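> how would this look folded up:
(chains A, B, C and D)
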There are 2 protein chains.
Amino acid sequence: MSPTKAPAERTATLKDVAEHAGVSPMTVSRALNKPETVSDTLRARIDAAVDALGYVQNLVAGALASAGSNVIPVIVPSLSNTVFVEIVAGIQEVAQAAGYQLMLGNTEYDLEREYTAVSTFLGWSPPGMIIAGMRHLDRTRNLLKRWGKPVVETMEFGAQPIDMNVGLSHYKAGEAMAEHLVARGYRQIVFVGCRIDADYRAAQRYKGMDRVLAKHGLARREALSYEEPSNPARGGDALMEVLRMKPKADAIFFANDDLAVGAILRAQREGIAVPKRIAIAGFNGLPFASLVTPSLTTIMSPRHEIGRIAAQQLIERISGRTPIKRRVDVSFEMQVREST
Amino acid sequence: MSPTKAPAERTATLKDVAEHAGVSPMTVSRALNKPETVSDTLRARIDAAVDALGYVQNLVAGALASAGSNVIPVIVPSLSNTVFVEIVAGIQEVAQAAGYQLMLGNTEYDLEREYTAVSTFLGWSPPGMIIAGMRHLDRTRNLLKRWGKPVVETMEFGAQPIDMNVGLSHYKAGEAMAEHLVARGYRQIVFVGCRIDADYRAAQRYKGMDRVLAKHGLARREALSYEEPSNPARGGDALMEVLRMKPKADAIFFANDDLAVGAILRAQREGIAVPKRIAIAGFNGLPFASLVTPSLTTIMSPRHEIGRIAAQQLIERISGRTPIKRRVDVSFEMQVREST
DNA sequence: CGTGAAAATGATTGCGCAATCATTTCAGGG
DNA sequence: CCCTGAAATGATTGCGCAATCATTTTCACG
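Got it, this is the predicted structure:
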């Protein structure tokens, strides 16, 4: 194709290796996939032949012949949100170590695209699948159920998973933060997020908060939602807007730490006293949250851990091992800091 | 496997669909892959049959039969570093839109693992590959060259790519920042990073800086490198350490913005005047960089764009279209802000 | 030193699909 | 109405490997 590249010779196959080593193809296959079933002598000869020919296993053919690949599809709604990335990283860590490859699908929070992705990925005969969230099209759920192989839904903890579930209850997280704010004496609490309609986990945190406010007979407000994706600058702007539009507000619960940290940095620059003039709380537990001044009260979600557990659960099941909790509620952790 | 899941019936194949629709398997294959070559009548019947049977194409078989898949392997050294994630996101965006799937490999900055990953991924008969960095084992380079299909090396811009290359010159970036610091009057400049031996792009930035210092006859120092991965808290600690150990230092060039922003937040908390007591500069252009006080002088690297361009280049070549620049030097952008 | 069971190796087959070539159908001109 | 070429459809084949079963070799033990 390009001047510097050698012409692509036909790549070596199992058969070539077999001939080169003077054994049958089947023995080569075994030497590569179950080395312990082949005698030392032959294994050595075969390894030498593999090196000599630069043989690379054709995994496609292998997957077809054995009706199953070692590719694990991972479907997330976004890659611009750190949260999903960290989950993917956790999955990767465990899966790659166990010899699985990750195939990555991004739905952009679109359930139709999610269906397409699931459907396409099934075509790779994977041994299982990991998918973010528990809200899917009926078609998607049915497709996965009929498929009958292990599936892990991550991020949130919820009822009636398709198969397995690892996550945390965002509703409870919202409740916990609201209880904290109320206990601290805040009475006019505002929830601020981005694309809350699409990010229904954020919506659940809002609902959890709302329920607590109702319980305490406090003023309840619609969540304030912006159309752009979450980013720190937006958080800063939102803070200013809240101060202007709802001067009585005494606390903001941001949908995530990107927004919340952005708000704190802005407050600092503008000389707004946090938490005196207004308290700020976030969700996720970003590294910066503990370093800003004032440090941010937030809820730590164990993203990496969720990914790891999800992958472990899946691999256990793929390997046919049995006793597993189908639903894992990873706990979140309130981090009360200076901003409230 | 689990009580709630239906027994997995044998999944429908092309042949099943063909029988259901009363046509030959080949026609079904065409209807699915090149719809325009099949008459409207049959296409409708076939689509109906597909729906009726819930048929999902077996991509493994397709890939084997046509000796090529539409999976693009992407190999990165880490997923905990935002930089790579953003590149992956950029690649994803373009690749998924063009109907390709991404397979993700993580080398943890280990060149042996990189070789293994490349080798394994070749087994999926991909049409091309994207790999981070230009430093590989000879074996890896040779393997890819002999393979003969399009390969894009990303992140940095360098000489003699395996095939194609999209990135920026980290050496020049280091020079640019050093020139800026020197022009501002700083004379005792320290470079601080994490795992600089493994992160050789950071090392190149250091070298670029070092050359400029030498040129101006200024004091040159070894880079200060920590063994843990970069994180903001480490940046803060490093700042304190530099102040204590090298009290004459008047500027720190951090290997990345995570460290630099962490240092600024720490300075703020400790009441250290930036840039008066010591100037701070970073690299990458994180969103928080412009929001901290003082705002951070840094170099913006177009990560997402690098990913997009890499994917575009690759797909162009895969599609057999010709006139393409083999090497793309995406420009970086100095952002001079308050911290210097 | 023979025997039987276990271990190692080999031959055959088919996974599900697309490339390829062969055949049929169709539209339009004479 | 036939002929021709193009479009649509079909039949055959093989991609490269692992599952499966058949065969050979090895080894422990009487």
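
> Check what pLDDT the nearest residue to A:Thr293 once chain neighbours are set aside gets.
Nearest residue to A:Thr293 in three dimensions, chain neighbours excluded: B:Arg269, at 5.2 Å (CB to CB, 6 or more residues apart in numbering or on different chains). (Each C-beta comes from the backbone N, C-alpha and C, glycine too.) Note for B:Arg269: predicted pLDDT of 95.

> okay, now B:Arg269: neighbour count?
For B:Arg269, the count of nearby residues is 14 (other CB atoms under 10 Å in any protein chain shown).

> Let me see the ranges of the strands in the stretch 151-300 of chain A.
Ranges of strands in the stretch 151-300 of chain A, per DSSP state E, counting those that start in this stretch, are A:151-156, A:164-168, A:189-194, A:224-226, A:251-254, A:279-281, A:298-300.

> can I get the ones you listed in JSON lines with mean neighbour count, mean pLDDT and distance to B:Asn231?
Formatted as JSON lines, the strands of the stretch 151-300 of chain A follow (neighbours: other CB atoms under 10 Å in any protein chain shown; pLDDT from 0 to 100; distance: least, CB to CB, whole Å):
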{"stretch": "strand A:151-156", "mean neighbour count": "26", "mean pLDDT": "96", "distance to B:Asn231": "24"}
{"stretch": "strand A:164-168", "mean neighbour count": "26", "mean pLDDT": "97", "distance to B:Asn231": "23"}
{"stretch": "strand A:189-194", "mean neighbour count": "25", "mean pLDDT": "97", "distance to B:Asn231": "25"}
{"stretch": "strand A:224-226", "mean neighbour count": "20", "mean pLDDT": "97", "distance to B:Asn231": "29"}
{"stretch": "strand A:251-254", "mean neighbour count": "29", "mean pLDDT": "98", "distance to B:Asn231": "22"}
{"stretch": "strand A:279-281", "mean neighbour count": "28", "mean pLDDT": "98", "distance to B:Asn231": "22"}
{"stretch": "strand A:298-300", "mean neighbour count": "24", "mean pLDDT": "97", "distance to B:Asn231": "15"}
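
> Between those strands, which one is closest to DNA strand C.
Nearest to DNA strand C among those is strand A:151-156; the distance by CB to the nearest atom of the strand comes to 20.4 Å.

> Next, the angle from the closest one to strand A:164-168.
Strand A:151-156 runs at 10 degrees relative to strand A:164-168, counting by axes from the mean of the first three to the mean of the last three CA atoms, to 10 degrees.

> and strand A:151-156, which strands flank it?
Strand A:151-156 pairs in its sheet with strand A:129-132 (parallel), strand A:164-168 (parallel), by DSSP bridges.

> tell me what whatever helix or strand comes next after the first one is packed against?
Right, strand A:129-132. Once the chain leaves strand A:129-132, the next helix or strand it forms, by DSSP states H and E, is helix A:138-147. In terms of contacts (3 or more CB pairs under 8 Å, 6 or more residues apart in numbering or on different chains; DSSP states H and E), helix A:138-147 is packed against helix A:111-122.

> ok, now with 10 Å
helix A:111-122, strand A:129-132, strand A:151-156 (3 or more CB pairs under 10 Å, 6 or more residues apart in numbering or on different chains; DSSP states H and E).

> and it, anywhere near DNA strand C?
No. Helix A:138-147 lies out of reach of DNA strand C by CB under 7 Å from any atom of the strand, never closer than 13.8 Å.

> Quick one: mean pLDDT over that helix.
95.

> for it, which positions count as buried?
The neighbour-count check on helix A:138-147 (16 or more other CB atoms under 10 Å in any protein chain shown) flags A:140-141, A:143-144, A:147 as buried.

> cool, and stretch A:241-258?
For stretch A:241-258, burial by neighbour count (16+ other CB under 10 Å) applies to A:242-243, A:249-258.

> which bits of chain A sit near DNA strand C?
A:23-27, A:30, A:37-39, A:41-42, A:64-65, A:67.

> Just put these in CSV and tack on secondary structure and neighbour count.
As requested, the residues of chain A next to DNA strand C are exported to CSV (DSSP: H, G, I helix; E, B strand; the rest coil; neighbours: other CB atoms under 10 Å in any protein chain shown):
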residue, secondary structure, neighbour count
A:Val23, coil, 18
A:Ser24, coil, 13
A:Pro25, helix, 14
A:Met26, helix, 10
A:Thr27, helix, 21
A:Arg30, helix, 18
A:Thr37, helix, 10
A:Val38, coil, 20
A:Ser39, coil, 10
A:Thr41, helix, 8
A:Leu42, helix, 16
A:Leu64, helix, 19
A:Ala65, helix, 12
A:Ala67, coil, 10
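
> Please convert the strands paired with strand A:151-156 to JSON lines, extending it with distance to A:Asp110.
Shown next, in JSON lines, are the strands paired with strand A:151-156 (distance: least, CB to CB, whole Å):
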{"stretch": "strand A:129-132", "distance to A:Asp110": "13"}
{"stretch": "strand A:164-168", "distance to A:Asp110": "21"}
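
> So which of those is nearest B:Asp163?
Of all these, the one in closest proximity to B:Asp163, counting by CB to CB, is strand A:129-132 (32.3 Å).

> hang on, the earlier thing: can you tell me which of the residues of chain A next to DNA strand C lies closest to chain B?
Distance from chain B was checked for each of these by CB to the nearest CB. The minimum falls on A:Leu64, at 4.9 Å.

> thought the closest one was touching B:Asn58?
Yes. With contact defined as CB atoms under 10 Å, A:Leu64 and B:Asn58 form a contacting pair (7.8 Å).

> Give me the common contacts of the two.
A:125, B:64-65 (CB atoms under 10 Å, 6 or more residues apart in numbering or on different chains).

> Can you tell me which of those lies closest to A:Ala117?
Proximity of the shared contacts of A:Leu64 and B:Asn58 to A:Ala117 was ranked by CB to CB; the top entry is A:Ser125 with 15.6 Å.

> Any stretches of chain A with poor pLDDT?
A:1-9, A:323 (pLDDT under 70).

> domain assignment for chain A?
Dividing chain A into domains by automatic domain parsing, as the record does, gives the ranges A:14-57, A:71-169+A:304-332, A:170-300.

> picking up where we left off before, reformat the buried residues of stretch A:241-258 as CSV; add distance to A:Ile318.
Converted to CSV, these look like this (distance: CB to CB, whole Å):
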residue, distance to A:Ile318
A:Val242, 48
A:Leu243, 52
A:Ala249, 50
A:Asp250, 51
A:Ala251, 46
A:Ile252, 44
A:Phe253, 39
A:Phe254, 38
A:Ala255, 35
A:Asn256, 33
A:Asp257, 34
A:Asp258, 35
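
> To B:Arg308, which of the helices and strands packed on helix A:138-147 lies closest?
helix A:111-122 (18.7 Å).

> Mind listing what's buried along that closest one?
A:111, A:113-115, A:117-122.

> do the same with stretch A:57-75
Within stretch A:57-75, the residues scored as buried using 16+ other CB under 10 Å are A:57-64, A:68-75.

> Then stretch A:313-328?
Using 16+ other CB under 10 Å as the test for burial, stretch A:313-328 gives A:313-315, A:317-318, A:327-328.

> Inside helices: which ones of these?
Counting by DSSP state H, the buried residues of stretch A:313-328 place A:313-315, A:317-318 in helices.

> Cool, thanks, signing off.
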